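Peer 1: just a sequence and a predicted model for now, questions to come.
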Amino acid sequence: MKSYKVAIVGAGPAGYFAAQALQNSQNENLKFAIDMIERLPTPWGLVRSGVAPDHPKIKTVAKVFEKIATTEGFRLFGNIELGTDISVSELEDMYDAVVFATGSSRGRKLGIPGEDLPGSLSAADFVPWYNAHPDFTGVDISLDCDTAVVIGAGNVAMDVARMLALEPSELDTTDTAEHALEKLHKSSIRKVHICGRRGPEHAAFTSPELRELPKLEHTDVHIDQHQIAEAIKRAEAEGELPKDLKSNLEAMQAIAEAEKKGHERSMYFHFLATPLEIKGNSRVEEVVFGINEVKDGKVSATGETFAIKCGLVVSAIGYQSDEISGLPYEGGKVKNHDGRIDGRSSYVVGWAKRGPSGVIGTNKSDSTDVMKLLVEDLKEPKPETDLEKLLIERGATIVAQSDWEKINAHEVATGEPLGKPRVKLVSRTEMLGIK
Ligand code: NAP
């Protein structure tokens, strides 16, 4: 029987699914000791700090993560930062294989004038702020205005728009960060515009998310019926509609046709609108858009423009991975071939491997495929080493699985009397005080 040591860096979905794939490939001749290293004192990655608080069902996948984490041979090393507490080369020396599951946390930039004005920010800052990520508690969000503009036609843009357009009491029984809930309750925002640069037929939203919108109890959602009809005509002219596109367009049509209740809060979809400039003297005052058209299947500028007056702009146009010192980097992700990092016994999974696409479940098949390669590549096991001892010698404070379980239990217990799934701690010191 051969026993191999694998380090997985990053305790998000891709990391856990990689661990699960390794656990599932064990047999009487093959065993894995898995050490998962995570920068934060809390695991679960985007399931904790990305998924919108009003989508609790999506977060139930955390039960699967906890099962993986409590399987024999798995250790969590929370509160340990790659590059500070331990380097890439040290991990590569100590382990038979290293799997990087470090995600993509940096928001892509629009690259237009006015993007850096106060009142303009990226979803990469806004989402972790409302989700209690300890590094984002101080993000300055202008909610003292009537109108917000969200740029992008993907699910992150939709989450952001919904979080801004919901009646805040709808979030009272969720795990929204307490600081965000307090601020959202005082928010003056009543109109949220969500703007895509191409047509409805090109939007990256998925239909379950679109179908929720007409069900919102305190928010009217507007889509121009004519624009959807035109998009359907254009898409049908290209041939039979693929299932997902058909479902998306039907969901948008249902939003357009839904009765508007005259709610104080509303959300407006705009398509074929490219952001050209964010204007304002000392803070955001309006966004200027170029109007596009679709001709022969191609999107092009008409030369005409329109503007939306607003006090807040959130761009949700995708993410990039942060460069990790010691790893090859290319095109916003770790350079790899099908997850293998050339010339070393290291692998990359999830958004750091393929870029920021796909839902949580996408990572299961993706990580499984990469772990098959890892198993194929295994040579003779390396001699025993002790990461825990090394980190303690370096003065690191490790959050082990049993420590995380205490933090988790504390958060859940605090939430219970309030009817919430949990009250998330935001301070590292507080988290470490509980362990
Ligand atoms: P995304 O799905 O790739 O959408 C990005 C959007 O930004 C696209 O509409 C894109 O338009 C637009 N965009 C890019 N550059 C732009 C620019 N310079 N100006 C204007 N618009 C621009 O990315 P995401 O929303 O960040 O989501 C990432 C992944 O997470 C997706 O797979 C998503 O489905 C998933 N996710 C899922 C859920 C859920 O299941 N509920 C929730 C959140 C996220 P073009 O198409 O024209 O480039």
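Peer 2: Thanks, I have the structure now. Numbering: from 1, shown residues only.
Peer 1: contact partners for residue 43?
Peer 2: With contact set as Cβ atoms under 8 Å, 6 or more residues apart in numbering, residue 43 has these partners: 11, 12, 36, 65, 69, 76, 78, 404. The C-beta positions use only the backbone N, C-alpha and C, and glycine is treated the same way.
Peer 1: which parts of this structure sit against the ligand?
Peer 2: 110, 151-157, 159, 196-198, 202, 204, 206, 209, 275, 316-319, 356-359 (Cβ under 6 Å from any ligand atom).
Peer 1: run the last query once more with 5 Å
Peer 2: 152-156, 197-198, 204, 317-318, 356-359 (Cβ under 5 Å from any ligand atom).
Peer 1: would a markdown table of these with pLDDT be doable?
Peer 2: Shown next, in a markdown table, are the residues of the chain next to the ligand (pLDDT from 0 to 100):
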| residue | pLDDT |
| --- | --- |
| 152 | 98 |
| 153 | 98 |
| 154 | 98 |
| 155 | 98 |
| 156 | 98 |
| 197 | 98 |
| 198 | 98 |
| 204 | 97 |
| 317 | 98 |
| 318 | 96 |
| 356 | 94 |
| 357 | 93 |
| 358 | 92 |
| 359 | 92 |
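Peer 1: the ligand: which of the residues you listed is nearest?
Peer 2: residue 154 (2.3 Å; Cβ to the nearest ligand atom).
Peer 1: which residue packs closest to that closest one, ignoring adjacent ones?
Peer 2: Closest residue to residue 154 apart from its sequence neighbours, by Cβ to Cβ, 6 or more residues apart in numbering: residue 204 at 3.9 Å.
Peer 1: isn't there a strand covering the one you found?
Peer 2: No: with DSSP: H, G, I helix; E, B strand; the rest coil as the criterion, residue 204 is coil rather than part of a strand.
Peer 1: so what pLDDT did residue 297 get?
Peer 2: Residue 297 carries a pLDDT value of 87.
Peer 1: surely it and residue 235 touch.
Peer 2: No: contact between residue 297 and residue 235 fails when scored by Cβ atoms under 8 Å: they sit 9.6 Å apart.
Peer 1: before we move on, back to that, from the contacts of residue 43, which land in helices?
Peer 2: The helices, defined by DSSP state H, take in 65, 69, 404 from the contacts of residue 43.
Peer 1: most neighbours among the residues you listed, please name it.
Peer 2: Among those, the one with the most neighbours (other Cβ atoms under 10 Å) is residue 404, at 25 neighbours.
Peer 1: show me where the stretch 251-400 of the chain has strands.
Peer 2: 265-270, 273-279, 286-295, 298-309, 312-315, 319-320, 329-330, 333-334, 340-341, 346-348 (DSSP state E, counting those that start in this stretch).
Peer 1: what does the longest one rub up against?
Peer 2: The set of residues external to strand 298-309 that reach it, using Cβ under 8 Å, 6+ apart, is 147, 149, 193, 195, 197-199, 202, 272-274, 276, 279, 285-293.
Peer 1: buried members of those into ChimeraX, please.
Peer 2: Of these, the buried ones can be selected in ChimeraX as follows, counting by 16 or more other Cβ atoms under 10 Å:
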select :147,149,193,195,197,198,199,202,272,273,274,276,285,286,287,288,289,290,292
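Peer 1: in which helix or strand would I find the residue of the stretch 1-150 of the chain found nearest the ligand?
Peer 2: Going by Cβ to the nearest ligand atom, the ligand is nearest to residue 110 of the stretch 1-150 of the chain, at 5.3 Å. Residue 110 is part of no helix or strand when elements are defined by DSSP states H and E.
Peer 1: ok, the closest residue to it other than its chain neighbours - how many residues close by?
Peer 2: Closest residue to residue 110 apart from its sequence neighbours, by Cβ to Cβ, 6+ apart: residue 315 at 5.3 Å. Residues contacting residue 315 under the criterion other Cβ under 10 Å number 28.
Peer 1: same deal with residue 229?
Peer 2: Count around residue 229 with other Cβ under 10 Å applied: 14.
Peer 1: from what I can see, residue 72 looks like it's in a strand, true?
Peer 2: No: counting by three-state DSSP, residue 72 is not found in a strand; it is coil.
Peer 1: per-residue confidence for it?
Peer 2: In this model, residue 72 carries a pLDDT of 97.
Peer 1: now do residue 435
Peer 2: 82.
Peer 1: enumerate every residue touching the residue nearest to it when sequence neighbours are not counted.
Peer 2: Spatial nearest neighbour of residue 435, chain neighbours left out: residue 403 (3.5 Å); criterion: Cβ to Cβ, 6+ apart. Taking Cβ under 8 Å, 6+ apart, we find residue 403 in contact with 41, 78, 435.
Peer 1: can you tell me how far residue 403 is from residue 203?
Peer 2: 43 Å (Cβ to Cβ, to the nearest Å).
Peer 1: with residue 84 instead?
Peer 2: 40 Å.
Peer 1: okay, those two: which has more neighbours?
Peer 2: Taking neighbours as other Cβ under 10 Å, residue 84 and residue 203 compare with residue 203 leading, 24 against 10.
Peer 1: residues near the nearest residue to that one once chain neighbours are set aside, how many?
Peer 2: The shortest distance from residue 203 to any non-neighbouring residue, by Cβ to Cβ, 6+ apart, is to residue 153 (4.0 Å). The tally of other residues near residue 153 (other Cβ under 10 Å) stands at 24.
Peer 1: do I have it right that residue 153 meets residue 206?
Peer 2: No: here residue 153 does not reach residue 206: they are 11.3 Å apart, not a contact under Cβ under 8 Å.
Peer 1: what are the phi and psi angles of the nearest residue to residue 83 once chain neighbours are set aside?
Peer 2: The spatial neighbour of residue 83 that comes closest, neighbours along the chain excluded (Cβ to Cβ, 6+ apart), is residue 325 at 5.5 Å. Dihedral angles of residue 325 (phi, psi; degrees, to the nearest 10) stand at phi -60, psi 130.
Peer 1: distance of residue 325 relative to the ligand?
Peer 2: 25 Å (Cβ to the nearest ligand atom, to the nearest Å).
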